[in-house]
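Student: Sharing a sequence plus its predicted fold:
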Amino acid sequence: MTSTTLQLSEPYGQVAYRDTGTGAPVLLIHGVGMQSASWGPQIDTLSATHRVIAVDIPGHGGSDPLPEAAELPDFVAWLFAVVTALDLGPVSLAGHSMGALIAGGFAAEYPNMVARVAVVNGVYRRNAAARAAVEARAAEIKQGKVDLETPLTRWFGDSAQDQIARDQVAGWLSAVDMSGYATAYGAFARGDSTYADAWGRVTCPMLALTGDGDPNSTPEMSQAMAAAAQNGAAKVITGHRHMVNLTAPNEVTAILQDWLSRSLTQRRTA
């Protein structure tokens, strides 16, 4: 599936996205250093029943970057411009990593525009050590020092599926625009608590999904976000790490299909 572009109003410039299928809209938002193609397994399956739109976040793929000083609320405002320009109405949002922060912030800021929200490998209130580590990495990236091997080793195991996904991710990371990457990573590093207190006002069906081997987007984080939301559910996939939608594509897609089938008025039970 090829990517198309749309010119947004100032100051956002061009956004690139993939758009396929028909039905209720689902918008997929990737993580830092990735691009919309990283949702490939989910696009292929979910587009059989839904209209699926996968966007390149600012400074990634074919999308123009935000200013260097942009923070998470600026990425949320960018998403508002995208949803408005595409006239999606109440949309189901699923975000991975940085995309999860954007999706969660959007659900809090624009509840009438969100039908459902899913955070995949999302971060939530890092501890002091984790915060220091990610902020140090953000500073290195801003200085042009990029170490791809460390995150790839952290994100992937030794299975055949992991190695296939690792090669894909390495290609996307190697191709990313460094300025856009640095801006997004800085917002990601500083954004884990920006909307942390807002989950309590999110009433739509909410899913928090991660792998049990993800040391940065931990099961405890997913469980805490789901517990804070009014209609939240947490899922943890055993034996997988940070790129769970690529290393366990069938399981993740099945969980997303279940999330999409949940009634908009259905509430979780204790």
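Tutor: That came in fine, so what should we check first?
Student: for the chain, what spans make up the strands?
Tutor: For the chain, strands defined by DSSP state E occupy the ranges 4-7, 14-20, 25-29, 51-55, 91-96, 114-120, 206-211, 232-237.
Student: residues making contact with the last one?
Tutor: It refers to strand 232-237. Under the criterion CB atoms under 8 Å, 6 or more residues apart in numbering, residues 199, 202, 205-212, 219, 222-223, 225-227, 244, 248, 251-252, 255, 259, 268 lie in contact with strand 232-237. For glycine as for every other residue, the C-beta is placed from the backbone atoms N, C-alpha and C.
Student: per-residue confidence averaged over that strand?
Tutor: Strand 232-237 carries an average pLDDT of 98.
Student: Name every strand pairing with it and say which way it goes.
Tutor: strand 206-211 (parallel) (DSSP bridges).
Student: now the second one
Tutor: Paired strands of strand 14-20, with direction, are strand 4-7 (antiparallel), strand 51-55 (antiparallel) (DSSP bridges).
Student: To Ala24, which of these lies closest?
Tutor: strand 51-55 (6.9 Å; CB to CB).
Student: I'd like to know how far Leu264 sits from Ala115.
Tutor: 6 Å (CB to CB, to the nearest Å).
Student: so what sits against both of those two?
Tutor: Contacts common to Leu264 and Ala115, judged by CB under 8 Å, 6+ apart, are Cys204, Pro205.
Student: which one of the two has more residues nearby?
Tutor: Ala115 (18 against 12; other CB atoms under 10 Å).
Student: burial count for Arg18?
Tutor: 22.
Student: Assess the claim that it and Ser3 are in contact.
Tutor: Yes - using CB atoms under 8 Å, Arg18 is in contact with Ser3, at 5.5 Å.
Student: Touching both of those two, which residues are there?
Tutor: Ser36.
Student: Just the buried residues of the contacts of strand 232-237.
Tutor: Among the contacts of strand 232-237, those scoring as buried are 199, 202, 205-211, 219, 222-223, 225-226, 244, 248, 251-252, 255, 259 (criterion: 16 or more other CB atoms under 10 Å).
Student: among those, which are in helices?
Tutor: Judged by DSSP state H, these include Pro219, Ser222, Gln223, Met225, Ala226, Val244, Glu251, Val252, Ile255, Trp259 as members of helices.
Student: buried stuff in stretch 88-98?
Tutor: Those would be Leu88, Pro90, Val91, Ser92, Leu93, Ala94, Gly95, His96, Ser97, Met98, for stretch 88-98 by 16+ other CB under 10 Å.
Student: Show me the shaky parts of the stretch 1-150 of the chain.
Tutor: Low-confidence regions of the stretch 1-150 of the chain, defined by pLDDT under 70, span residues 1.
Student: Closest one of the ones in helices among the buried ones among the contacts of strand 232-237 to Gly40?
Tutor: Out of these, the member with the shortest distance to Gly40 (by CB to CB) is Val252, at 11.9 Å.
Student: Quick one: residues contacting that closest one.
Tutor: Pro41, Gln42, Val120, Leu209, Ile237, Val244, Asn245.
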